[in-house]
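Undergrad: Below are the sequence and a predicted model for it; my questions follow.
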Amino acid sequence: MQYATPGPDPRRPAPGLVRAFLGLAGGYWRGPGCATPWGLALGLLTLNALEVALLLRLNRWNRDLFDALERHAELAVLAGCGAVLALLAAGFGLASYLNMLARRRLALGWRGWLTARLTLAWLAGEGTPEAGHANADGRIAEDARIATEEAVELACSLSQGLMRLACFVGVLWALSAHPAYDLAGFQVALPGYLLWFAMLYAGFGICIASLLSRPLVYSTEQRQTSEAEYRVALVTARDATGGAPAKRLAGLFGDIARAFGRQTRAAARLQLFGVGNLRLGTGLPFLLATPAYLAGVVTLGWVIQAAQAFQEVAGALNWPVDNMPRIATWRASAQRVLALHRAGFAAVASVPALAPGFAPILAPLASVPASAYMPASAAE
C-alpha cells in the first residue's frame, strides 16, 4: 500500500515557488490557443478598472450626498443623488457578474490544461517505479484544481487592489490639502497626513498578520497531506483482509483531526486579529478626519469622502492580510503539484519514448491547443 509523501516543508522558505509553478503550468499561456486566456485576462483587467472607476464615483457621491444634507438641500437634490446611486449599483452588479464569469472560465481552462499535462505524463509513466508515487491521481484531481483556481482568484484581486491603491492614494493626498487648523493649541498642517496614517495602519497590520500566518501555512500543508493519505487508504482498503485496514483508517483519520485542529487554531488566531483590525479601520478614519471638520475648514461631505478613501487605501495595502488563508491554500497545493512533477513523472513531450504503446492515443491529446480546455459552457 502506498501513501502520500509530504511535499516541501512549508515552514522553510520556498525560493522561487511562483516562478517554479509558472514554469510548470505557464505553458497554458504560451502554447497554441493562448489568445483565449490572454483575452480573458485582458477582459478581467478591464472589468477591474471599471469597478475602480465606479468606486471613485461612489466616493464622490458620498461627499455630494452629505454636503447636501449639511446644507439642508431640497428633495430634488436628494432625488438626483438617488438616481446616481441606482446607476452605480447597476454598474457594480454587472461588472461583478461579468468578472465572475471570466474568472471561472479562465480557471477552468487553466485547470484543464494542467490536468491534461500531468495526466498524460502519469499514464505514460505507469508501471515505472515513480508512477504510483505521491498519490498522483489525487494530486492531479485536487491539487491541480486548487492551484489554478486560487492563482486566478489571487491574481485578479491583487490587480484590482493595485488599481484601487493607485487611484485612492491621489484622492487621499488631495483631500489632505486643506487649510491648517488648530488642535489642542497646535497648528496642524501636514501634507498628505491622511495618506501617511493609512500607510502606517496598514503596515502595522501586515507585520502582525505575517507572524500569525506562518503556522497556518504549515498546518494547511499538513492537513492536505493527511487528507490525501486517507483517500488512498480508502481506495485500497476494500482489497485488503483482516483488521489492519480499519486500524490504518482510524489512525489516518486521527492524523486528519489533529491537522484540522492545528489549522483551525492558526486560522482562528489570524481571524481574531483580522476582524479587530477591520473594525478598527472602519472607525479610525473618522477620528482622524473629525478635528478638521470641528475646526470648520472642511465640510461633512469631506469627512465621509476622506473616511471612505482611507478605507480603500488601507484595504488595498492590507491585501496580503485579507488573502493570507487563500495564499496558504494556494502555496500548499502549488508545492504538492511541483512535488508531483519532481517525483519523476515524464514531460508530455517525451510520452512516446516512455510508453510506446500509449503513443498513438496520447500524442493527439498532447497537441491539443489551450482553447480546447475552454468549453463554451464553462461559465455555466
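TA: Arrived safely, thanks for sending. Numbers count the residues shown, from 1 in each chain.

Undergrad: so where's the stretch 201-350 of the chain uncertain?
TA: Scanning the stretch 201-350 of the chain for pLDDT under 70 picks out the ranges 238-244, 342-350.

Undergrad: repeat that for 50
TA: Within the stretch 201-350 of the chain, the stretches with pLDDT under 50 are 346-350.

Undergrad: Do a quick rundown of the helices in it.
TA: 244-294, 300-317, 319-322, 324-342 (DSSP state H, counting those that start in this stretch).

Undergrad: out of those helices, nearest to residue 235?
TA: Nearest of the helices of the stretch 201-350 of the chain to residue 235, taken as Cβ to Cβ: helix 244-294 at 10.8 Å. (Glycine included, C-beta is placed from N, CA and C.)

Undergrad: from the chain's centre, how far out does the closest one sit?
TA: Taking Cα atoms, centre = their mean, to the nearest Å, one finds helix 244-294 lying 16 Å from the centre of the chain it belongs to.

Undergrad: Could you check the angle that helix makes with helix 300-317?
TA: The directions of helix 244-294 and helix 300-317 differ by 150 degrees, with axes from the mean of the first three to the mean of the last three Cα atoms, to 10 degrees as the criterion.

Undergrad: circling back to that earlier point, indicate which one of the helices of the stretch 201-350 of the chain is closest to residue 162.
TA: Closest among the helices of the stretch 201-350 of the chain, using Cβ to Cβ: helix 300-317, at 7.2 Å.

Undergrad: right, so of the helices of the stretch 201-350 of the chain, which gets closest to residue 78?
TA: Of all these, helix 300-317 comes closest under Cβ to Cβ, at 13.3 Å.

Undergrad: Low-confidence stretches in the stretch 51-200 of the chain?
TA: For the stretch 51-200 of the chain, applying pLDDT under 50 flags the ranges 126-134.

Undergrad: Turn the helices of the stretch 201-350 of the chain into a markdown table, including distance to residue 147 and mean neighbour count.
TA: Formatted as a markdown table, these follow (distance: least, Cβ to Cβ, whole Å; neighbours: other Cβ atoms under 10 Å):
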| stretch | distance to residue 147 | mean neighbour count |
| --- | --- | --- |
| helix 244-294 | 18 | 15 |
| helix 300-317 | 25 | 23 |
| helix 319-322 | 19 | 19 |
| helix 324-342 | 4 | 22 |
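
Undergrad: export these to a markdown table and tack on distance to residue 115?
TA: Supplementary listing: the helices of the stretch 201-350 of the chain in a markdown table, determined by distance: least, Cβ to Cβ, whole Å:
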| stretch | distance to residue 115 |
| --- | --- |
| helix 244-294 | 25 |
| helix 300-317 | 33 |
| helix 319-322 | 29 |
| helix 324-342 | 10 |
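
Undergrad: At the geometric centre of the protein, which residue sits there?
TA: residue 154 (2.7 Å; Cα atoms, centre = their mean).

Undergrad: and the angle from the one helix or strand that residue maps to to helix 324-342?
TA: Residue 154 belongs to helix 144-175 when assigned by DSSP states H and E. Calculated by the same axes, to 10 degrees, helix 144-175 forms an angle of 140 degrees with helix 324-342.

Undergrad: For helix 144-175, buried residues please.
TA: Neighbour-count burial for helix 144-175 flags 144-154, 156-157, 159-161, 163-165, 167-169, 171-173, 175 (criterion: 16 or more other Cβ atoms under 10 Å).

Undergrad: Tell me the helices and strands packed up against it.
TA: helix 17-25, helix 35-70, helix 75-124, helix 193-237, helix 300-317, helix 319-322, helix 324-342 (3 or more Cβ pairs under 8 Å, 6 or more residues apart in numbering; DSSP states H and E).

Undergrad: how many neighbours does residue 16 have?
TA: Close neighbours of residue 16, defined as other Cβ atoms under 10 Å, add up to 10.

Undergrad: Now do stretch 289-302: everything it contacts.
TA: Residues outside stretch 289-302 that contact it (Cβ atoms under 8 Å, 6 or more residues apart in numbering): 62-70, 175, 178-183, 188, 194, 303, 306-307, 310.

Undergrad: Can you give the contact residues for stretch 70-84?
TA: So stretch 70-84 is contacted by 57, 61, 64, 65, 68, 299, 300, 301 (Cβ under 8 Å, 6+ apart).

Undergrad: Dump those into JSON lines; add distance to residue 94 as well.
TA: Below are those laid out as JSON lines (distance: Cβ to Cβ, whole Å):
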{"residue": "57", "distance to residue 94": "14"}
{"residue": "61", "distance to residue 94": "18"}
{"residue": "64", "distance to residue 94": "23"}
{"residue": "65", "distance to residue 94": "23"}
{"residue": "68", "distance to residue 94": "27"}
{"residue": "299", "distance to residue 94": "32"}
{"residue": "300", "distance to residue 94": "31"}
{"residue": "301", "distance to residue 94": "27"}
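
Undergrad: Write a PyMOL command that selects only the buried members of these.
TA: Per 16+ other Cβ under 10 Å, the buried members of those correspond to this PyMOL selection:
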select buried, resi 61+64+65+68+299+300+301
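
Undergrad: Of the contacts of stretch 70-84, just say which sits nearest to residue 103.
TA: The shortest approach to residue 103 among the contacts of stretch 70-84 belongs to residue 57, at 23.5 Å (Cβ to Cβ).

Undergrad: what's the spacing between the residue lying closest to the closest one once chain neighbours are set aside and residue 56?
TA: Distances taken as Cβ to Cβ, 6 or more residues apart in numbering put residue 88 closest to residue 57, at 6.2 Å, once the chain neighbours are dropped. Residue 88 sits 11 Å away from residue 56, taking Cβ to Cβ, to the nearest Å as the criterion.

Undergrad: and what of residue 313?
TA: Separation of residue 313 from residue 56 (Cβ to Cβ): 12 Å.
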